[in-house]
Structure formats: structure tokens, C-alpha cells
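Structure for the following, please:
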Amino acid sequence: GPIVDGKSSTDGKHDVLCPHDLSRVIGKMKWAGPKDIEKAFEATKKAQPTWDEKGGVARADILREMGNKLEENMDFFIALMSREGGKTLADGVAEVREAVDFCRYYAHEAETHFNQPTRLPGPTGETNHLSLHGRGTFVCISPWNFPLAIFTGQVAAALAAGNAVIAKPAEQTSFTAFEAVKLFLEAGVPKGVLHLLPGDGETIGAPLTKHKDLGGVCFTGSTEVARLINKTLADREGPILPLIAETGGMNAMFVDTTALREQVIDDIVSSAFGSAGQRCSALRIAYLPDDTADMLIDGIKGAMDELQLGDPALPSTDIGPVIDKDAETTLVNYLNGLGKNAKILKRVAPDGLPEKQTFFFPTLIEMKNIESMEREVFGPVLHVVRYDPDRLNKVAPQLEAKDYGLTLGIHSRLESFSREVRDAVKVGNTYVNRSMTGAVVGVQPFGGEGLSGTGPKAGGPHYLQRFAVERTVTVNTAAQGGDPDLLNLT
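Residues are numbered from 1 along each chain as shown. Model prediction:
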């Protein structure tokens with residue numbers, strides 16, 4: 001249940017079900033209410049100034065301790081995410097590691113940029129310093145597809161910059177968030193600085209983004225919800241607040257005839273069907289060259305036959321369930337609504353799955369073009385389109401016109417082709433001759449543009465600054481007898 005001012009409320013009534021077996025109740029979760037929202041904002045308003053004054057070094061020590069605690073509890077979180085979020089063991093290991101990376105990376109950034117004021121150049125007779133400070137209370141709204149990594153990354157970034165945080169996790173994975181907040185508090189985050197308010201978007205999310213004491217919003221989720229938050233922030237009275245949003249993508253891969261067949265197939269299958277296609281970076285559209293499309297499609301079909309669907313807690317499982325019945329229904333409706341422009345080429349339909357479950361079979365669809373696609377299909381659905389690589393200028397504009405800009409894949413041994421695709425399709429993260437998922441913190445900062453987000457990129461060198469305000473101090477040193485720093489020059 002909610003954790004407000006260090007106190008948790010656990011007399012929950014909402015059943016949390018296991019997505020791969022809906023007959024299993026993992027536990028009961030209590031949703032937060034209006035009183036919890038007010039108590040959380042009251043506590044953060046009192047606690048945030050002291051937290052900001054601690055400075056980046058002290059906050060970094062706490063974040064590093066959080067990273068250590070996550071490592072110590074890795075097995076627990078892997079098991080919890082498998083049961084609550086349907087994550088395979090491999091995905092669970094990667095997720096805990098990413099959460100740890102966020103803590104340590106933002107700790108380093110806090111030490112570097114939020115320690116002492118930076119001396120700026122200026123004329124003799126005055127000093128100029130620039131310092132970064134927290135904005136106040138950030139509301140962090142995180143998704144269910146990365147219930148630990150994105151949740152931890154959002155919270156750690158806001159804390160590192162000197163903000164207090166009210167975290168609103170996805171309803172489907174609130175247990176994971178609950179356990180993560182407990183660890184943050186154990187690591188040394190003051191109880192008044194971090195609060196957890198689980199609940200649905202209308203009851204909790206909307207009032208949080210309207211609150212008079214709000215300092216900013218960090219959001220990962222759908223483009224539609226990001227627009228609602230943006231409108232809410234624009235309409236509210238008071239200061240103009242930042243929205244840091246990472247949303248979906250209509251992600252494509254362009255393949256030419258020089259690409260290595262086995263590598264292409266492996267990267268397409270893992271990028272499209274890994275994590276049951278429930279990554280914002282996942283491959284949705286594969287553009288295959290006319291000359292080799294049949295060969296590549298046959299290979300993709302064969303690789304799909306080898307995918308193992310089942311209990312995500314089993315080491316043999318490649319693909320777990322989609323998150324819930326709503327997600328499954330959305331995908332089923334999409335397939336049922338396919339028009340003449342599309343043809344289903346392959347569906348993986350294994351036997352022996354539980355009757356009450358939310359598995360959606362990996363699906364391969366061939367389309368003549370993507371004109372009928374209006375938004376991303378969030379699940380294990382791959383669309384293939386045949387095209388002539390020599391006429392990229394006829395195909396790429398259709399994709400660019402969708403206004404998404406998250407991830408892009410390119411498979412080619414020609415640098416000229418890679419450059420041509422990158423020039424034609426503008427996205428936040430481009431991957432050449434590799435899979436399109438699994439961005440590494442500090443190495444591949446992640447985030448899109450256009451309908452795919454506001455930036456700056458999570459896990460990158462410009463991220464924390466968006467959570468902060470900048471303040472400069474200019475002093476006329478001549479009026480006090482000169483600049484003391486000049487006396488120290490040798």
C-alpha cells in the first residue's frame with residue numbers, strides 16, 4: 001500500500017494477479033487516497049529544502065547504498081517481477097542490473113554537477129558562480145513494463161538533483177515499487193523526502209499533476225497520457241513546470257541486401273518478440289529488401305518456431321505473458337481489425353498453457369505499406385514490409401510522417417546506406433547491425449523525440465539538469481578590496 005512519511009499502510013483490498021496464471025493471487029494492494037496525497041505534499045514541502053542543502057556528494061552516497069541494496073536483493077526482485085509483471089528470468093536479471101546502474105550513474109552525476117558552485121569567466125573585479133538546485137517536489141509516474149528499472153531511474157534522478165519525490169507506480173506492478181521504496185528508505189533517503197502513492201491514473205495520477213505544490217513531473221508511458229499531463233500542467237495556476245516524458249515509438253528496422261542473414265534474423269526476433277514485445281524500444285516494422293525478403297521471412301518463421309512460451313519463472317521460457325487482460329484484448333482487437341493491406345504470415349501457438357492467462361502468441365504480419373498504422377502496437381507483433389533499398393527516399397518519408405522518433409535499426413555492411421537511413425529517419429536511438437533493445441545506462445542514453453518524448457535522455461549526461469533550477473551569483477569584488485582568489489595565484 002502507500003508509504004507516506006515513512007509509514008506504510010498494508011490493509012489492501014485490491015487483488016494483484018499473476019499474469020501468466022490469473023487463478024493465482026499474489027497479494028492485496030491498498031490504493032492511496034486524497035488524504036495520502038495531501039500528507040505526502042506536506043511532508044515533502046518541509047523536507048525538500050534540507051535534502052537540497054545536503055549537496056550532491058551526500059546524496060550520491062545514499063544512491064550508491066541503494067545500488068548495493070538492490071544487488072543484495074537481486075534474487076528477490078527477479079522472483080517478484082516474474083510473478084507480478086510476467087518477466088522472464090533473463091529480463092529480470094537485466095532489469096535489476098539497470099536499476100543499479102541508474103543509482104550509480106546518477107550518484108556520479110550528482111557529485112560532479114551538484115557539489116560546489118561552478119566558477120564562470122568574467123571581468124576582473126567580480127566573481128560569477130553557477131549552482132544547481134532541486135525544483136521542489138517531483139511526481140514520478142512509472143510504467144509496468146520496467147517496474148524496477150524505470151521506477152528506480154526516475155526516483156534516483158529526481159533525488160540526485162535535490163528534489164523530494166512522490167512516486168506513482170503502474171497499478172499492475174505496485175508491489176515491486178513498494179519494495180523498492182522500502183530499500184530507498186533503508187539506504188538513507190529521509191522519510192519526508194520520498195513517498196509512494198499506488199493507485200489508478202484518475203484517482204491518484206490526475207490530482208498529483210494538478211497539485212499547487214508540484215515542482216515537476218517525470219513520466220514514462222503512452223503518448224496519450226503524456227499529452228493529458230502536458231495539458232494539465234499548462235492549465236494549472238502557478239509556476240511553469242517541466243514535464244520529462246518518455247513515450248512510445250513506431251520503431252522500424254531497415255535491412256539491405258548486404259546484411260548478414262543470420263544476424264538479421266536473430267536481431268529481428270529478439271527485438272520484436274523479446275519481453276513479449278512490451279518494450280518501448282521494441283521493433284514494430286521490418287523493412288526487408290525485395291531481393292532477399294522471402295529468404296529472410298522464412299528464417300524469421302523458423303526462428304519463431306523455436307520460441308518457448310510459458311511460465312516466466314522457468315529458465316526454459318523465452319516469452320512470458322502480456323501484462324493483463326486489457327493488453328491482450330487490445331492486441332486481439334488489432335488483429336481482428338486488420339484490413340486488406342495486411343496478411344498474417346505466422347502465429348506461434350504452443351500447447352499446454354494455463355486456461356486463465358494473458359499470453360498473446362507472437363505474430364508475423366506482412367503489409368504493403370504502413371499508411372494504415374496510426375500508433376504503435378504494444379506487444380509481440382511484427383510487421384514486415386518489402387521495399388527497394390535503392391528507393392529509400394520513397395519509403396522512409398512514410399515512417400517519418402508518423403512523427404514518432406524513439407528507436408531505429410539498420411542492418412547493412414555499407415556505411416553509405418546506414419548514413420542515408422539515419423538522415424531520412426530522425427530518432428533518439430539508432431542501432432546498426434545489432435538488436436534494438438537493451439540500452440545501457442551511461443553508454444546508450446535512452447529517449448526519443450516528436451511523439452516519442454520530450455528528452456533529455458535517461459541515463460545520459462544532460463538528464464539531471466532538467467530536474468534542477470540554475471542560480472547565478474555575481475559579486476563585485478572590487479567593492480570589498482579585490483578578489484581573494486587572485487592572491488592565491490603563483
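
So what's the residue count around residue 298?
11 (other CB atoms under 10 Å). (Glycine included, C-beta is placed from N, CA and C.)

Now find how far off-centre the helix or strand hosting it is within its chain.
Per DSSP states H and E, residue 298 falls inside helix 293-305. Between the centre of helix 293-305 and the centre of its chain there are 30 Å (CA atoms, centre = their mean, to the nearest Å).

now stretch 400-414
With CA atoms, centre = their mean, you get 19 Å for stretch 400-414.

now do stretch 134-151
Taking mean C-alpha positions (CA atoms, centre = their mean), stretch 134-151 and its chain are 9 Å apart.

cool, and stretch 393-401?
26 Å.

how about the strands in the stretch 351-490 of the chain?
Using DSSP state E, counting those that start in this stretch, the strands of the stretch 351-490 of the chain run over 363-367, 381-387, 407-411, 429-432, 468-476.

what mean pLDDT does the fourth one have?
To tie it back to what came earlier, the one meant is strand 429-432. Mean per-residue pLDDT for strand 429-432: 98.

what's it packed up against?
strand 407-411 (3 or more CB pairs under 8 Å, 6 or more residues apart in numbering; DSSP states H and E).

and with 10 Å instead?
strand 407-411, helix 415-424 (3 or more CB pairs under 10 Å, 6 or more residues apart in numbering; DSSP states H and E).

so which of these gets nearest residue 145?
With CB to CB, the closest approach to residue 145 among the helices and strands packed on strand 429-432 belongs to strand 407-411: 14.4 Å.

what about residue 98, how many neighbours?
Neighbours of residue 98 using other CB under 10 Å come to 22.

Could you do residue 401 as well?
The burial count for residue 401: 10, using other CB under 10 Å.

what's the nearest residue to residue 325 if we skip its chain neighbours?
Closest residue to residue 325 apart from its sequence neighbours, by CB to CB, 6 or more residues apart in numbering: residue 358 at 5.8 Å.

was I right about the one you found contacting residue 320?
Yes. Counting by CB atoms under 10 Å, a contact exists between residue 358 and residue 320, whose distance comes to 9.4 Å.

Which one of those two is surrounded by more residues?
The residue with more neighbours, out of residue 358 and residue 320 and counting by other CB under 10 Å, is residue 320; that gives 27 against 24.

Surely residue 17 is within a strand?
Yes. Judged by DSSP: H, G, I helix; E, B strand; the rest coil, residue 17 forms part of a strand.

So residue 287 versus residue 428, what's the distance?
19 Å (CB to CB, to the nearest Å).

follow-up on the earlier one: if you compare the helices and strands packed on strand 429-432, which one is most tucked away?
strand 407-411 (a mean of 27; mean count of other CB atoms under 10 Å).

thinking again about what came up before, buried set for the helix holding residue 298?
293, 296-297, 299-300, 303-304 (16 or more other CB atoms under 10 Å).

Would you format those as JSON lines with pLDDT and distance to residue 120 included?
Formatted as JSON lines, the buried residues of helix 293-305 follow (pLDDT from 0 to 100; distance: CB to CB, whole Å):
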{"residue": "293", "pLDDT": "97", "distance to residue 120": "57"}
{"residue": "296", "pLDDT": "98", "distance to residue 120": "55"}
{"residue": "297", "pLDDT": "98", "distance to residue 120": "58"}
{"residue": "299", "pLDDT": "98", "distance to residue 120": "57"}
{"residue": "300", "pLDDT": "98", "distance to residue 120": "55"}
{"residue": "303", "pLDDT": "97", "distance to residue 120": "56"}
{"residue": "304", "pLDDT": "97", "distance to residue 120": "57"}
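
Make TSV out of the strands of the stretch 351-490 of the chain and add distance to residue 401.
Listed next are those as TSV, based on distance: least, CB to CB, whole Å:
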stretch	distance to residue 401
strand 363-367	16
strand 381-387	15
strand 407-411	15
strand 429-432	18
strand 468-476	36
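
my read: residue 453 touches residue 227, true?
No. Look at residue 453 against residue 227 with CB under 10 Å: they stay out of range, at 11.9 Å.

circling back: residue 287 and residue 428: who's more crowded?
residue 287 (25 against 22).

ok, now which ones touch the more buried one?
252-256, 293, 370, 383-387, 389, 392, 395-396, 399, 409-411, 421 (CB atoms under 10 Å, 6 or more residues apart in numbering).

Equivalent analysis for residue 445, please.
Neighbours of residue 445 in contact, by CB under 10 Å, 6+ apart: 105, 428-429, 439, 455-463.

so what sits against both of residue 358 and residue 320?
19-20, 86, 276.

circling back to that earlier point, let me know which of the helices and strands packed on strand 429-432 is the nearest to residue 334.
strand 407-411 (20.4 Å).

could you point out where the protein is predicted with low confidence?
482-490 (pLDDT under 70).

Switch the shared contacts of residue 358 and residue 320 over to a markdown table; also include distance to residue 133.
Formatted as a markdown table, the shared contacts of residue 358 and residue 320 follow (distance: CB to CB, whole Å):
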| residue | distance to residue 133 |
| --- | --- |
| 19 | 42 |
| 20 | 45 |
| 86 | 40 |
| 276 | 41 |
